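Asker: quick one: sequence and predicted model below, then my questions.
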Amino acid sequence: MSILKEQSTGRRGGQSLLDVLIGLALVTIVIAFGIILVFGGQNVLTDRESSLEAQSLAAEGIDGAREVLHREWDEIADGTYGLVFASGTWAFSGTEDVSGAYRRKIAVATAGEDEREVKSEVTWQTENLRMLEVEYVTKVTIWRTVLHTGGDTGGGGPSGNWQNPQSLGSADVGSGNQATDIDVVDKIVYISTAASSKSKPDIHAFDVLNPAMPILMDNIEVNAYAVESIDWNGNYVYGASTGVIPDLKIVEAANPNNLLFTGEYNVITFVNALSVFKDNQTVYLGTQKTSWNGELFSIDASNPGNPSQLDVYEANADANDIFVKDDLLYLPTSNDNKELIVLDVSNPSNLTEVGFLNLSGGVDAKSIFVMSPDRVFVGVGNSLYVVDATNPAAMTVLGQIDAGGSVNDIYAVGYMAFLATSNSNSEFQVINITDPQNPVLWSSLNFPQVATGVDYEDNVVYVSVRSNDGLRIITSQ
């Protein structure tokens, strides 16, 4: 029996020693993994911090390159460049630039007749000698050949789920200011404002390359209580001003970081300008109703520093908005019998009425957007009308929808129309226009104040709101 007991004890002792060895091995493995996790975690944190800094430099590269191209389009050849910032402006220099451990290259390549692809690449080496890279790519367009769209084309058509839009970001236009209109081109948003004091800025430029974080580039005071309407075209912003004379304000925006007051023109004494549209070398300016002259003026702006009047048209009503397409000017007015007037402007020195439409007696037409002659969208009172204007002398209404508030601005693209309204519960509205005879409300968003203007670029909608939080940026889900 004793022998059996000794054998049993021996097996337990051997097992205990094996357990101890296994335990030590496990502890060693745990410690090793702990060390790996600690140092690996430190590497991850370091890499993340480095990546964020590299992303910032890459985004800055896109902004800087855009500024250089807008300023020196014809002088910049396709190639790879570095960037330098001096005297408040960006410039290309060499083939790369270095910031600490980061090396940045800007590659410029022709993508179309008036379009360049810009690639901003940032590389750096980690402590363990790994090479990392961040790359941003965008398209930059010079809009000198765009003649009949007010300066911008809107880019690609809508995509995603617009029945469930989402807000991306917003921006403040300054205490005491209220946004009145908006125009976006190549990820730069221009906003006009109204204020109680003439000393406050009237026109603002925002960089919206990152729509979640709009960046104020510059703003400028043009000696107006309000700029009610703006239109960007050919590196200039044209504004219709109120409360002061002159009525037309012109600002150079070749460098949005440095807006420059260029010129002005007074069409008539003591009348508010309400609308503006630039087409070719002509600016069309609409004013309040007058009893002694007219309300729609054509102005030669071939020399922005010295504009001159070409002709004037008597609408006998407020000229609330303007849209020019294919030598026809579409004018929504407060005329009870001519809410929509169409003019031939092939000769800007001889404005000629070619047709009108009575849409709703006693209610002002305030907004207009023309997709094509058979798809003209007019905001009259609380209604959006779809009009066939193929024959301006015999226009017909195709369809209509009640927006529940004044339709202050319209942008139509693809199968969608985006509205800026005064509806207190849905200032921004998305209308499905697939069937022009039966437009359907798809979705809406509620803002704190009235939506005054709307513009679109590459599936993103930009809305001006009558508050200091004046810029709202929206896209589909």
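Answerer: Looks like it came in fine. Numbering: from 1, shown residues only.
Asker: for residue 352, which non-adjacent residue is spatially closest?
Answerer: Nearest non-adjacent residue to residue 352, counting by C-beta to C-beta, 6 or more residues apart in numbering: residue 344, 4.5 Å away. C-beta here means a position set from N, CA and C on the backbone, and glycine is covered the same way.
Asker: same question for stretch 453-467, mean pLDDT?
Answerer: Mean pLDDT, taken over the full extent of stretch 453-467, equals 94.
Asker: got it, and stretch 210-221?
Answerer: 94.
Asker: oh, and call the first residue 6 from now on, that's how I've got it
Answerer: Taking 6 as the first residue, the last one we looked at is stretch 215-226.
Asker: what sits up against it?
Answerer: The contact list for stretch 215-226 (C-beta atoms under 8 Å, 6 or more residues apart in numbering) reads 64, 173-176, 178-179, 193-194, 203-213, 256, 261-266, 465, 476, 478, 480.
Asker: equivalent analysis for stretch 72-80, please.
Answerer: By C-beta under 8 Å, 6+ apart, stretch 72-80 touches 81, 88, 94-97, 113, 121, 123, 145, 147, 240, 259-262.
Asker: repeat for stretch 442-450
Answerer: By C-beta under 8 Å, 6+ apart, stretch 442-450 touches 167-170, 172, 389, 391, 403-406, 421-422, 428, 430-438, 477, 479.
Asker: I'd like to know which of those residues are buried.
Answerer: Burial by neighbour count, judged by 16 or more other C-beta atoms under 10 Å, picks out 167, 170, 389, 391, 403-406, 421-422, 428, 431-438, 477, 479 from the contacts of stretch 442-450.
Asker: from residue 451, how far off is the most centrally placed residue in the chain?
Answerer: In the chain, the residue lying closest to the centroid (C-alpha atoms, centre = their mean) is residue 189, at 3.7 Å. Taking C-beta to C-beta, to the nearest Å as the measure, residue 189 falls 22 Å from residue 451.
Asker: now residue 413
Answerer: From residue 413 to residue 451 the distance is 16 Å (C-beta to C-beta).
Asker: between these two, who's got more neighbours?
Answerer: residue 413 (25 against 10; other C-beta atoms under 10 Å).
Asker: thought the more buried one was touching residue 456?
Answerer: Yes. Between residue 413 and residue 456 there is a contact under C-beta atoms under 8 Å: 6.4 Å.
Asker: if we can go back for a sec, just the ones of the contacts of stretch 215-226 in helices?
Answerer: If you go by DSSP state H, these have residue 64 in helices.
Asker: if any of the contacts of stretch 215-226 are buried, give me the ChimeraX selection for them.
Answerer: Listed next is the ChimeraX selection for buried residues among the contacts of stretch 215-226, using 16+ other C-beta under 10 Å:
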select :64,173,175,176,178,179,193,194,205,206,207,208,209,210,211,212,213,256,261,262,263,264,266,465,476,478,480
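Asker: show me where pLDDT drops low in the stretch 156-305 of the chain?
Answerer: 156-158, 274 (pLDDT under 70).
Asker: same check on the stretch 356-482 of the chain?
Answerer: Within the stretch 356-482 of the chain, the segments meeting pLDDT under 70 span 366.
Asker: residue boundaries of the strands in it?
Answerer: Along the stretch 356-482 of the chain, counting by DSSP state E, counting those that start in this stretch, strands occupy 357-362, 370-377, 380-385, 388-393, 401-407, 412-418, 421-426, 433-437, 445-450, 456-462, 465-470, 476-480.
Asker: list the buried residues in the second one.
Answerer: Read it as strand 370-377. Under 16+ other C-beta under 10 Å, the buried positions of strand 370-377 are 370, 371, 372, 373, 374, 375, 376.
Asker: what's the burial count for the closest residue to the third one other than its chain neighbours?
Answerer: What that stands for is residue 372. Spatial nearest neighbour of residue 372, excluding adjacent residues (C-beta to C-beta, 6+ apart): residue 384 at 3.6 Å. Using other C-beta under 10 Å, residue 384 has 27 neighbouring residues.
Asker: how about the contacts made by residue 384?
Answerer: 337, 370-373, 390, 408, 411-415, 424.
Asker: pretty sure residue 298 is in a helix, no?
Answerer: No. Read with DSSP: H, G, I helix; E, B strand; the rest coil, residue 298 is coil and lies in no helix.
Asker: give me the neighbour count for the nearest residue to it once chain neighbours are set aside.
Answerer: Of all residues not flanking residue 298 in the chain, residue 273 sits nearest, at 5.3 Å (C-beta to C-beta, 6+ apart). Using other C-beta under 10 Å, residue 273 has 20 other residues around it.
Asker: roughly how far does residue 273 sit from residue 253?
Answerer: Taking C-beta to C-beta, one finds residue 273 at 11 Å from residue 253.
Asker: same question for residue 370.
Answerer: Taking C-beta to C-beta as the measure, residue 370 falls 22 Å from residue 253.
Asker: same check on residue 322?
Answerer: Counting by C-beta to C-beta, the gap from residue 322 to residue 253 is 20 Å.
Asker: which stretch of helix or strand covers residue 55?
Answerer: Using DSSP states H and E, residue 55 maps to helix 7-77.
Asker: quick check: next helix or strand after that helix?
Answerer: strand 84-91.
Asker: strand partners (parallel or antiparallel) of that following strand?
Answerer: Paired neighbours of strand 84-91 in the sheet (DSSP bridges): strand 94-98 (antiparallel), strand 107-117 (antiparallel).
Asker: and the last one, what's buried?
Answerer: Of the residues in strand 107-117, 107, 108, 109, 110, 111, 112, 113 count as buried by neighbour count, 16+ other C-beta under 10 Å.
Asker: from the contact counts, what lies against the helix or strand just after that strand?
Answerer: Downstream of strand 107-117, the first helix or strand assigned by DSSP H and E is strand 120-130. Applying 3 or more C-beta pairs under 8 Å, 6 or more residues apart in numbering; DSSP states H and E, one finds that strand 120-130 contacts helix 7-77, strand 107-117, strand 136-146.
Asker: strand 120-130 vs strand 107-117, what angle?
Answerer: Strand 120-130 runs at 160 degrees relative to strand 107-117, counting by axes from the mean of the first three to the mean of the last three C-alpha atoms, to 10 degrees.
Asker: quick one: average pLDDT of strand 120-130?
Answerer: Mean predicted confidence for strand 120-130 is 90.
Asker: residues in contact with that strand?
Answerer: 55, 59-60, 62-67, 70-71, 74, 83, 106-116, 136-147.
Asker: now do the strands in the stretch 206-355 of the chain.
Answerer: Under the criterion DSSP E, counting those that start in this stretch, the stretch 206-355 of the chain contains strands at 208-212, 220-225, 231-238, 241-247, 253-257, 265-270, 278-284, 287-292, 301-305, 313-318, 328-330, 333-337, 345-349.
Asker: what angle do the fourth one and strand 253-257 make?
Answerer: Taking the same axes, to 10 degrees, one finds that strand 241-247 is oriented at 150 degrees with respect to strand 253-257.
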